Structure formats: C-alpha cells, structure tokens
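Asks: sequence first, then the predicted structure:
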There are 2 protein chains.
Amino acid sequence: MITSRDVARLAGVSQPTVSRALRDDPKVSEATKKRVRDAAVALGYSTSPIGRALAVGRSTRVGLVVTDLENQFYGHVIAPMHRELERLGYELVLITESSESGPVTEHVMGHGLCGVVLATTTVDSLLPARLRDRGVPFVYFNRTAQSVQADSVTVDPEAGIRELLREVIGSGHRRIGAIFGPRNTSTGEQRENTVRSVLDEHGLALAHRDVLHGPFDFATGFGGARTLLDREDPPTLVLCGNDVVALGALNSAAEMGVAVPAEVSIVGFDDLPTSGWALIRLSTVAYDLDEMSREAARLIVARVEEPDARPRHTIYPSRYVARATTSSPRA
Amino acid sequence: MITSRDVARLAGVSQPTVSRALRDDPKVSEATKKRVRDAAVALGYSTSPIGRALAVGRSTRVGLVVTDLENQFYGHVIAPMHRELERLGYELVLITESSESGPVTEHVMGHGLCGVVLATTTVDSLLPARLRDRGVPFVYFNRTAQSVQADSVTVDPEAGIRELLREVIGSGHRRIGAIFGPRNTSTGEQRENTVRSVLDEHGLALAHRDVLHGPFDFATGFGGARTLLDREDPPTLVLCGNDVVALGALNSAAEMGVAVPAEVSIVGFDDLPTSGWALIRLSTVAYDLDEMSREAARLIVARVEEPDARPRHTIYPSRYVARATTSSPRA
C-alpha cells in the first residue's frame, strides 16, 4: 500500500511536509503543494481510510439487514452503529429483508459489501449459510442462528427477567399473561424460556390461553392487549416481548379505558428512550443497546480486517427497571 | 448499453426466449438456457437495474444526509425513502452531518454516490454549493437553501397553520408562546413567519419573551416548556416547531405536574405516528411525510438519470389535526 513516505520520496520533500501540503497548510509554498499533490495522484495515495481501503481493493461498506425501519428499536441501533462505523472509516448501507430467500443475498453480493450485520435472523434463516458459503463476513446482532457459527452481540435476559419476576410475584401477581415475540427468533425463544423456567421456580406457570406470540412490533402489542384485556377475567400482569410491543399494549389499554397499573400491570424489554418519558414510564428490562450497537460495528470491522480470527461473542447483562406501569394487582 | 436483443442475437434465439431462459423457465431446454447464459455473460448483460447501472459505469448509491438518526422524524423518512429507492434499483447510504464543512463533502465524493438527498440544509449550508461545483446531483428534502437551485420536496405550512390558529384563537387563546425550530433553517423560518403573519391578521402578536428557538429535537421542547411554564404567568398555548419538540414539551409538562390541555395547550407539526397514540393524542399540523419521502427518492433518481431536466419542486399541502392537547384556555 502507498504511504506518505512514498509520496515524500517521489516529491522530494519530508514526510511531515506531505501531511502539511495535503491539508493545505499556508506555511507550505504553492509550488511544493503542487509537487506533493502531483506525486500523491501519480501514486494513487489517499489520506482517508476509505481511500486506503479502496487502494487495497476492498469496499468499506457494511450492510445492516433490518426488517422494519419504522420500528423505533432500529433507530436506536442504526445511530450508534453508524457513528462507530464512521469513526472506523466504514459506511453503513441499509438493507431491508423483504423476503427470506434470494433478494437479500443478491443485494449483499451485488453491492460489494465488505461485511454484514444481521439484525433480523430467525432460527431458520437461510441468509447466514448463504453468506458463509460466499465468504462474506457477518455478525449476528441481538438474534442468532445456531446452525451457522459467526461473531455475535447478544443480551443475556436472565438477570433482568429474574429480578422482574421476583418483584412482581412478591407484590402479589399470580395470573400472568404474555405477548412474546416470534417463536422462530432466538431472542423471542430465549426470553420466553427464561420467563417459563423462572416462573416454574416460583411454583407458577403461564396458562396456555394467556400466552400470545407475534412480530416485535406495535401492532402485536396493541392487538394482543386487546385480546387479553377483553376477557371477563384478564391476567393482572402482561409481560411483553419488547418495549415496542409494550408501547402497543399500553396504548391499547388507554384506548380501552383500562387503567395501568391500577387494573393491569405491563412490562417491556429493551428500555428504549421513549419508555423513560414522563408520559410513559414503562417498567422494563434494560441493557446497554447503544454500546451493543457500537460493539457490533467493531466486531464486523475486526472480522473484515482479520478474516481468520477466532469467533467473538459479546454478551451484555440485563437488569430490571421498575417504573410506573407495575404495581400490586387490583384487589 | 447491452440489451436482451444483443443477447438474443449472439445466442441465436428470440428475445422472449432470452427472458424465459434467464428466469429459469422450465419450458426452455437446458441446452438453450446454457447458450443464453453464456451469451449474457460474454456481453456483460445484467437483468437487474443495479447491474445495468454498473454496466454504464454509474453507482446506484444515493446518500441521505441527516443530523440525528435517533430523532424519530428520520425513521419515518428513511423507511419509505429506502423502500422507494430499492424499488427503483438504487440503494440508500446514510451520511451523518457531524460538521458543516469538509467531512460530508469528502464522504459524498469519496463513496462514489450517484446522488444525494439533503435533509439537514441550513440557509447558510456550504454543502449545496460544493455538490453543485462537483457536479453531484442532489435534492432538497423538507428544507432548502435559496442560494443554490436544485430539485426540492417541501411542505407548504400555511393552510395547516392558518386552520390551527383560527381554531385556537376561536376557542379563546390570546397569550400564545412558541418553541420554534432553528432560525437558520427554511422550515423553522417559514413556520415562524407564517405564524406571525396569520396572528397579525387576527390582531395578535407573540410577546418577545414567549418565543424560544432551538434544534428540532426532544431536548428543545423539554427545556423550552420548562422555561415557559415555570413563569408566574405562562402562555395558555405553546406552538412547537415540530412534533418531536412538542413531545419534549408534553413530557416536560407531565413532569412538572402541569395538566395538558387543562392548564396549557400544546401543538406540534408533522403528525408522526407517535402523535396519534392514545397516550399522546397531540394536536398537530399534518402532511404526507411518507409520500414526500418517496417523492424525494423519485426526484433524485430522475435527476441522476436525466441530469439536464428542468428543476422540479414538489410542494405538499398541510392541514390541522385537532386532538387532545388543545382546548379552551383555563379560566
């Protein structure tokens, strides 16, 4: 790769003069600047990490595969990931996974991405195997697929769920309902399994009819809460697969005139900024989503730059944040 | 550019056979498929718009320049713009405008973008002139700069603001405060000027001390509402520069224990999905942000494909949506 030393040699100046000339320092004469620039152009030297990556024939574009860009969860992922990638000299390309098969793979392959962060993996996704077969580096974000090994950034939900259940059971809840995420995602599955096994330790179980599943979106929570709260004898607490689902549930309760937490308690998972608003004050399980998004950026860049390193798995701890949507059950 | 006609000629088949062979139609024999594929590869023919653009040596990457990806406004811009660009065979690259000068321009130039949508233009932005000078096509989104002509997609706030002010003045508000957007943005300036001139028609004016300015974000509304509502004699209505500012103001009022709309009415601008939530019900000025974002995608693609077409300006109408954050002023 061409360095500023090569430019200095060709231009017949010192290495510091190359830097000064290229950043247009007034202390360098116009004639010298021209000589340095000509040398840089002749050699294909670039001052930016992007230019340098291009010089070694590698793209600096990292794809982030998401489903639903309107979902506020992704805004809080994209912003820090984008900043971290930019800091590392890479850029973020958004890819929407409209269908599971061809198109996404085609996109990834066709656009010369150097690597991909997968934020939408389902346990039966074909994409991880396709990327592996084509030698495209990737990192699992939040969700993983067992079948194909890769670097991953995930949350361990256990501590948060354990603390949450101890608290709500301690305050008297026995009849607990749930609107879990999709059964074919590792996050949905792991949160549900953790809830069931911790409840079991307390000698409790979820009634089959009180458990719903759906995509991690507002509509799932909105419709799910309506289904559960419309019953003659609804659960006293509704656990939601994530905060966006819980926000749907909260708004559904408000629309039905069901008071939260007086008539029903609602809990989320993610601790998005909106959940902390004075008008929302959602009790939820928190972890460092911002740091997690930046870590995904660092892992994919490390993988691109060192394809043969051992797989890395960063796991973030979780904790329960009690706010205003939980209380003792109604008498 | 290579067309399916060229492939047909080289393979010695009809043009429809080329299409059928390339989409793996079972009615075409394997031998013919092979001949067609060989011809396509020999000629560098591509069935995808991306491939065709590459064939004419042009990138299909459109940059979207934003400031704050965490701001929920941008999520509702990015999602439809991304979908529309994808439909047209282009892809979206996010660029954060961290600083006004060098970096963004360097980014745009260094990444081989075919065009740019500018969503963060200030009236004194240097970027439009830089893009023009380097021949990079761009479209103004929402905000414009007078100094450099380009295609634009904007909102005409007048109808919405006129209707809003007629209604709140009719219901008795006289002492009106405002937390406007930044003075150096066309949107901030235009909304403020429209409010002032319509108030003037009603024989009213904003008191200097009741008018605040700041970035279009949550913190501006949160801090601004605290400043206005902490007074002994606060305004009875607070107009906000946009919905995100209004959401900050609503949450600030909730935290201060000031009842909305009983003690103060609050109005936004944008009608984001969150504003329609049962827990929020923000009165606001609405326009078709989704369609506007798709139109920006169409305009930049049209400009990339036809650089010499006349500038196009699409202007969207606005209307007032009265919800639960406005009522008559307290007695």
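Replies: Cool, got the structure. Numbering: from 1, shown residues only, chains lettered A, B, ... in the order given.
Asks: and the gap between the residue lying closest to A:Gly112 once chain neighbours are set aside and A:Gly115?
Replies: Using Cβ to Cβ, 6 or more residues apart in numbering or on different chains and skipping residues adjacent in sequence, the residue nearest A:Gly112 is A:Ser59, 4.6 Å away. (Glycine included, C-beta is placed from N, CA and C.) Distance of A:Ser59 to A:Gly115, given as Cβ to Cβ, to the nearest Å: 9 Å.
Asks: higher neighbour count, the two?
Replies: Just comparing A:Ser59 and A:Gly115: by other Cβ atoms under 10 Å in any protein chain shown the higher neighbour count belongs to A:Gly115, 26 against 18.
Asks: can you name the residues that contact the more buried one?
Replies: A:Gly115 sits next to A:Val62, A:Gly63, A:Val136, A:Pro137, A:Phe138, A:Val139, A:Ile300, A:Val301, A:Arg303, A:Val304 when contact means Cβ atoms under 8 Å, 6 or more residues apart in numbering or on different chains.
Asks: just the pLDDT for it.
Replies: With respect to pLDDT, A:Gly115 scores 92.
Asks: ok, the one 5 residues further on next?
Replies: According to the predicted model, the pLDDT of A:Thr120 comes to 85.
Asks: quick one: the residue nearest to A:Gly112 is in a helix?
Replies: No: counting by DSSP: H, G, I helix; E, B strand; the rest coil, A:Ser59 is not found in a helix; it is coil.
Asks: thought A:Leu92 was touching A:Ala79?
Replies: No: the pair A:Leu92 / A:Ala79 is not scored as a contact, 10.0 Å apart, by Cβ atoms under 8 Å.
Asks: need the overlap of contacts for these two.
Replies: Contacts common to A:Leu92 and A:Ala79, judged by Cβ under 8 Å, 6+ apart, are absent.
Asks: distance check, the spatially most central residue of chain A against A:Ser318.
Replies: By Cα atoms, centre = their mean, chain A has its centre lying nearest to A:Val77, at 4.7 Å. To A:Ser318, A:Val77 is 16 Å away according to Cβ to Cβ.
Asks: all helices of chain A, in order?
Replies: Counting by DSSP state H, one finds helices in chain A at the ranges A:4-11, A:15-22, A:30-43, A:49-55, A:72-87, A:102-110, A:127-133, A:158-170, A:186-201, A:218-229, A:243-256, A:289-305.
Asks: on that earlier part again, of all the contacts of A:Gly115, which two lie farthest apart?
Replies: Spanning the widest gap among these are A:Val136 and A:Val301, at 14.2 Å by Cβ to Cβ.
Asks: these two: who's more crowded?
Replies: The neighbour count for A:Val136 versus A:Val301, taken as other Cβ under 10 Å, is higher for A:Val301 (22 against 18).
Asks: the more buried one contacts A:Glu91, correct?
Replies: No: judged on Cβ under 8 Å, A:Val301 makes no contact with A:Glu91 at a distance of 11.4 Å.
Asks: which bits of the stretch 151-300 of chain A sit near chain B?
Replies: A:Leu247, A:Leu250, A:Asn251, A:Ser252, A:Ala254, A:Glu255, A:Pro273, A:Thr274, A:Trp277, A:Ala278, A:Leu279, A:Ile280 (Cβ under 8 Å from any Cβ of the partner chain).
Asks: now the last one. Nearest residue, chain neighbours left out?
Replies: Think A:Ile280. A:Thr274 (6.0 Å).
Asks: and the one you found, what's its pLDDT?
Replies: Reported pLDDT for A:Thr274: 97.
Asks: tell me, how many residues neighbour A:Tyr74?
Replies: A:Tyr74 has 24 neighbours, counted by other Cβ under 10 Å.
Asks: can I assume it is in contact with A:Val66?
Replies: Yes: in this structure A:Tyr74 lies within contact range of A:Val66 using Cβ under 8 Å: 5.1 Å.
Asks: overlap of the contact sets of the two?
Replies: In contact with both A:Tyr74 and A:Val66: A:Ala119, using Cβ under 8 Å, 6+ apart.
Asks: sorry, back to before: hey, what's in contact with both of A:Val301 and A:Glu91?
Replies: A:Val62, A:Leu85.
Asks: check the gap between A:Thr187 and A:Asp217 for me.
Replies: A:Thr187 is 14 Å from A:Asp217, by Cβ to Cβ.
Asks: how about the CA coordinates for stretch A:165-176, as CSV?
Replies: C-alpha atoms of stretch A:165-176 as CSV (Å, rounded to 0.1, in the frame of the first residue of the first chain):
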residue,chain,number,x,y,z
LEU,A,165,-40.4,-11.8,38.2
ARG,A,166,-39.2,-11.8,41.8
GLU,A,167,-40.6,-8.2,42.2
VAL,A,168,-44.0,-8.7,40.6
ILE,A,169,-44.6,-12.1,42.2
GLY,A,170,-43.6,-10.5,45.5
SER,A,171,-46.1,-7.8,45.0
GLY,A,172,-48.9,-10.4,44.6
HIS,A,173,-49.2,-11.2,40.9
ARG,A,174,-50.2,-14.8,40.2
ARG,A,175,-52.2,-14.7,36.9
ILE,A,176,-49.5,-13.6,34.4
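Asks: and B:His173, which of the helices of chain A is closest to it?
Replies: Nearest of the helices of chain A to B:His173, taken as Cβ to Cβ: helix A:243-256 at 26.5 Å.
Asks: and the closest one, how far out from the chain middle?
Replies: What separates the centre of helix A:243-256 from the centre of its chain is 22 Å, taken as Cα atoms, centre = their mean, to the nearest Å.
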